[in-house]
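Participant: Fold the following.
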Amino acid sequence: MLALYLPNPRAFKIFAGTVLLAISLRLLFSRRSDGKPEKFEISEASLSFSELRYRFDGKVYRVRPLSIAPLAYAIGVVAGAYGVGGGAFLAPVLVSFFALPVYTISGSVLLSTFVTSCLSALLYSLLGYPPNLAVGLLFGLGGMAGSYAGTRAQRLFPEKAIRLILGVIVGVLALRYISFLALS
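Facilitator: Numbering: from 1, shown residues only. Down below sits the predicted model:
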């Protein structure tokens, strides 16, 4: 279905750049906490079909899993079709549009990216497109090292700084996708 509407890299870059630009602007201009949490601990967590609820840094966060599921599906379709990391889209969306703290979603997004990457590689193999294992392992090792470093560094920065860094990175990526149009 996605190939019908975004059949070539040019169309995909317009789409991805526009979506990423909206996410970047939301990250950069929405108001959030300026400080670091005193304790990096989630408590009072509960999950049902109607609500995910947890307490972090003295505040209760609520989100409807059924509102995230279709979004995650759509991101998965795009990620699977074009071989891009779905977590790169999902994390900024959860932070900017669902107002969840960066500190609480990064681990879940990393886990979901790992699981979907493994399943996607298996599905591609079953469809006759085996992945290059050497390249995949190198990317995976680099990603694991980067994830570890990022997780360790995350505790050193206030959320405002993390949102600024994430917003700038997503914005630069969006502008690169959109500027591709001017170059072609």
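Participant: what about residue 171, neighbour count?
Facilitator: A count of nearby residues for residue 171, using other C-beta atoms under 10 Å, gives 17. In this view, the C-beta of every residue, glycine as well, is placed from N, C-alpha and C.
Participant: How about residue 66?
Facilitator: For residue 66, using other C-beta under 10 Å, the count is 10.
Participant: Residue 69 now?
Facilitator: 11.
Participant: Tell me the secondary structure at residue 60.
Facilitator: What DSSP: H, G, I helix; E, B strand; the rest coil gives for residue 60 is strand.
Participant: For it, give the beta-bridge partners.
Facilitator: Beta bridges link residue 60 to residue 55, judged by DSSP bridges.
Participant: Tell me how far the helix or strand where residue 20 lies lies from the chain's centre.
Facilitator: Secondary structure from DSSP states H and E places residue 20 in helix 9-29. Centre-to-centre, helix 9-29 and its host chain are 13 Å apart (C-alpha atoms, centre = their mean, to the nearest Å).
Participant: helices and strands around the helix or strand following it, which ones?
Facilitator: For helix 9-29, the following helix or strand on the C-terminal side (DSSP H and E) is strand 42-47. If contacts are counted by 3 or more C-beta pairs under 8 Å, 6 or more residues apart in numbering; DSSP states H and E, strand 42-47 sits against strand 52-56.
Participant: relative orientation of the strand it packs on and strand 42-47 in degrees?
Facilitator: Here strand 52-56 runs at an angle of 180 degrees relative to strand 42-47 (axes from the mean of the first three to the mean of the last three C-alpha atoms, to 10 degrees).
Participant: Please identify the buried residues of strand 52-56?
Facilitator: 52, 54, 56 (16 or more other C-beta atoms under 10 Å).
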